[in-house]
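Novice: sequence unknown, structure follows:
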């Protein structure tokens, strides 16, 4: 006999935990250079986590940021790109824009403006 | 048996119908010799983009995650079955992410650029 029990409140719980991991990785949104060098922060990139993957996407166009902007090492950059593409195909993440729910997240940009 | 994860997006239906659809899929999984380990409900929410499946357009869907152990040969037949089901918008079977090995990442290794300035091999 198959007893099917739909586990409720799954989305809220998942969102909370992922938000916690994201905030732990990004304590000072001001100092990007210090944080993004250590790629070991992102241990495992699953395609379900919108929160982590939406950080590396442009707001209005949905372009994936390259290595110069994110500052990640080769491996992690590739994993994140593959994760983003997978999530977009599987129907977890929008393609042409960034989900407005994740607007408040700190940005992942290495841009240095000339002074 | 390797561990797979089924990311299932079902049509936005009322509770008894969703339960019936889930029961159908899990029974089909078990008929093909899979051992279902866990079923998670990620809630019903708006799809990231409009999807059309079985001559219908969908804006909302219920997200479900099923992780199961299955023999490698039955994955194809499972995908075929799921693509025929009317209530399923988008089925995706992937290898379970927790089974992937997590390698330690050293970060960006600084390369000595002076060595790369001149060609290392001797020209004849």
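Specialist: Sure thing, it's come through. On a predicted model such as this, the values are computed, not experimentally measured, just so you know.
Novice: so where do the helices sit in chain A?
Specialist: A:10-25, A:32-36, A:50-54, A:67-70, A:74-90 (DSSP state H).
Novice: whoops, I mixed them up, chain B
Specialist: Remark: helices assigned in chain B by DSSP H are B:15-31, B:74-84, B:113-117.
Novice: And the lowest mean pLDDT element among the helices and strands of chain A?
Specialist: Sorting the helices and strands of chain A by mean pLDDT, DSSP states H and E puts helix A:32-36 at the bottom, at a mean of 33.
Novice: Also chain B?
Specialist: Least confident helix or strand of chain B, by mean pLDDT, DSSP H and E, is helix B:113-117 with a mean of 81.
Novice: what helices or strands is that one leaning on?
Specialist: Taking 3 or more Cβ pairs under 8 Å, 6 or more residues apart in numbering or on different chains; DSSP states H and E as contact, there are no helices or strands that helix B:113-117 lies on. All C-beta spots, glycine's among them, are computed from the backbone N, C-alpha and C.
Novice: Of the helices of chain A, which shows the lowest average pLDDT?
Specialist: For the helices of chain A, mean pLDDT drops lowest on helix A:32-36, to a mean of 33.
Novice: and residue 45, how many neighbours?
Specialist: All of this is about chain A. 20 (other Cβ atoms under 10 Å in any protein chain shown).
Novice: my bad, chain B
Specialist: When counting by other Cβ under 10 Å, one arrives at 12 neighbours for residue B:45.
Novice: so how far is chain A from it?
Specialist: Using Cβ to the nearest Cβ, to the nearest Å, residue B:45 is found at 7 Å from chain A.
Novice: Tell me the bridge partners for that residue.
Specialist: Beta-bridge pairing for residue B:45 (DSSP bridges): residue B:61.
Novice: Hmm, it is touching residue B:63, no?
Specialist: Yes - between residue B:45 and residue B:63 a contact is recorded at 6.9 Å, counting by Cβ atoms under 8 Å.
Novice: State the distance from residue B:75 to chain A.
Specialist: When Cβ to the nearest Cβ is applied, the distance between residue B:75 and chain A equals 16 Å.
Novice: What are the neighbouring residues in contact with that residue?
Specialist: B:4, B:93 (Cβ atoms under 8 Å, 6 or more residues apart in numbering or on different chains).
Novice: Look at it and report its pLDDT.
Specialist: Residue B:75 is assigned a predicted lDDT (pLDDT) of 89.
Novice: repeat for residue A:8
Specialist: Note on residue A:8: pLDDT of 37.
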